[in-house]
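Visitor: here is the input, now give the coordinates:
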Amino acid sequence: PPSLKSALLAAAQAVASKMAAACGMGVPAAHSGGGVSADPSSRAAAFAAKLAAQHAGVPFGAAAGTSTAVAAPAAPAEAHFSAEIEINDFPQQARWKVTHKDALNNLCDEFSVAITTKGIYVPPNKNPRDGERKLFLLVEGKQERFVKLAKSEIKKIIGEATEKTLMSGSRYQI
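Guide: Got it, this is the predicted structure:
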């Protein structure tokens, strides 16, 4: 509406005048809204008009008669879910099955999650040093359901690989 445009422009020019006076630039000329002026006070007026339009919730192009549009307000922060699965104490073949690049990519694609290997391998009957953690997988995603599904699939893969290792007569015991 023209009255809103005039009110916003007047408010912006008042702010720009105060800014210009505070900076010793003099009184700004009236800004036509059609283009960008090289005059710092006119640029300040245009900037103030844009801020006023954003604050009023009106796209800048509609408020000031220009073709510039204001970006949409930022979206609210998305939900974030995570789960940890300790894999340090499983046989090496089982750990490899769930940390191998192809397996991780398949799980990430299938469940829309991110899986990160963290920690360090700590041999049996040893404790991690201060500030260190045993080897684990961090599963992160935007939906709790997918994080839980990925976690259960990882546990299934580890269980199958551990069973296979134990059946082959490996030195590992549970």
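Visitor: tell me where this protein has strands.
Guide: The residue ranges that make up the strands of the chain, judged by DSSP state E, are 81-86, 113-118, 136-141.
Visitor: just say which of those is most tucked in.
Guide: Mean neighbours per residue, mean count of other CB atoms under 10 Å, is largest over those for strand 136-141, with a mean of 19. The way it works is simple: take the backbone N, C-alpha and C, and place the C-beta from them, glycine included.
Visitor: residue contacts, residue 79?
Guide: Counting by CB atoms under 8 Å, 6 or more residues apart in numbering, residue 79 touches 142, 143, 144.
Visitor: biggest helix in the chain, by residue count?
Guide: As far as residue count goes, and with DSSP state H defining each element, the longest helix of the chain is helix 144-167.
Visitor: quick one: it to strand 81-86, angle?
Guide: 10 degrees (axes from the mean of the first three to the mean of the last three CA atoms, to 10 degrees).
Visitor: run through who's touching helix 144-167.
Guide: 79, 81-83, 85, 87, 90-91, 93-95, 97-98, 103, 107, 110-113, 115, 137, 139-141, 172-174.
Visitor: tell me the angle that helix makes with strand 113-118.
Guide: For the pair helix 144-167 and strand 113-118, the angle between their directions (the same axes, to 10 degrees) equals 50 degrees.
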